[in-house]
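Undergrad: Need coordinates for the below:
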Amino acid sequence: MATYKLFYFPARGAGEPVRLLFAHKEIKYEDIRLAGEDWQKEKPNTPFGVMPVLEEDGKKLGGSAVILRYLGEKYGLAGSNAWDNAHLANISDFITDFTREMTKVHYEKDETRKQELQKRFTEEVIPKTFGKLNELTAATGYLCCGRLTWPDLQLYSILDYVIKGHPEVLSNFPGLASLRKNIEGDANMSKWIKERPETEY
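TA: From the prediction side, this is the model:
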């Protein structure tokens with residue numbers, strides 16, 4: 001078994017899907033959470049100056065979706081053929097686009113502009129994105145292949161964040177509610193979710 005270290009901030013964020021995968025597969029790893037000066041010291045040692053970073057037996061890989069995809073393909077959470085794997089990557093990109101829209105709202109400093117972005121996010125972005133993802137999850141509660149794959153973990157982590165600000169958001173998207181239920185019904189991931197450090201994001 002490889003030796004793993006996961007470098008990320010003291011938050012769930014983009015590191016959390018990887019932590020969920022490790023929990024699901026019962027893979028031991030060092031969960032290294034860096035902030036402030038510690039992060040500035042480590043930054044030059046990362047592939048592209050951003051986190052998360054996965055270290056496997058001394059080799060480093062950066063990029064949340066890339067790390068998740070790599071581990072998913074290595075540990076049986078990917079498709080069974082090249083087409084499925086391309087479809088999973090496509091879904092992941094779609095989720096990432098949604099995350100960017102969410103991030104815009106979060107980091108906007110101008111209060112008037114922030115309210116405009118929040119209105120658009122709530123009234124346009126969420127219904128459009130969740131509507132499409134709900135179609136994918138409607139039949140099985142999974143995004144692809146009728147079973148757990150790595151973008152499910154990416155989506156779960158995003159839903160976790162959105163629900164904080166919009167508690168009733170999944171009432172119109174039963175497929176997404178099923179995805180959450182499926183993941184939280186997994187004993188290993190459920191244990192991690194209950195015991196993980198409490199963080200703001």
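
Undergrad: Could you double-check that K5 sits in contact with D57?
TA: No. Applying Cβ atoms under 8 Å, one finds K5 not in contact with D57, separated by 9.9 Å. Just so you know, the C-beta spots here come from the backbone N, C-alpha and C atoms, and that holds for glycine as well.

Undergrad: With neighbour numbers in mind, choose between the two.
TA: Legend: neighbour count by other Cβ atoms under 10 Å for K5 and D57, higher for K5 (15 against 8).

Undergrad: Give me the contact list for whatever helix or strand that one lives in.
TA: Assigned by DSSP states H and E, K5 falls within strand 4-8. Strand 4-8 is contacted by residues 14-15, 18-19, 22, 27-34, 42, 46, 51-56 when judged by Cβ atoms under 8 Å, 6 or more residues apart in numbering.

Undergrad: In helices, which of these fall?
TA: The members of the contacts of strand 4-8 that map onto helices under DSSP state H are V18, R19, F22, E42.

Undergrad: Quick check: the farthest pair among those?
TA: F22 and E42 (19.9 Å; Cβ to Cβ).

Undergrad: who's more crowded, the two?
TA: Taking other Cβ under 10 Å, F22 and E42 do not tie; F22 has more neighbours (20 against 14).

Undergrad: Against R147, how distant is that one?
TA: Note on F22: its distance to R147, by Cβ to Cβ, to the nearest Å, is 18 Å.

Undergrad: ok, now which ones touch the nearest residue to Y8 once chain neighbours are set aside?
TA: Distances taken as Cβ to Cβ, 6 or more residues apart in numbering place G15 nearest to Y8, at 3.2 Å, with adjacent residues excluded. Each residue near G15 by Cβ under 8 Å, 6+ apart is listed here: L6, Y8, F9, M51, P52, S64.

Undergrad: Identify the residue nearest the geometric centre of the chain.
TA: Residue closest to the average C-alpha location in the chain (Cα atoms, centre = their mean): Q154, at 2.7 Å.

Undergrad: Can you tell me how far that one is from P17?
TA: Distance, Q154 to P17, by Cβ to Cβ: 5 Å.
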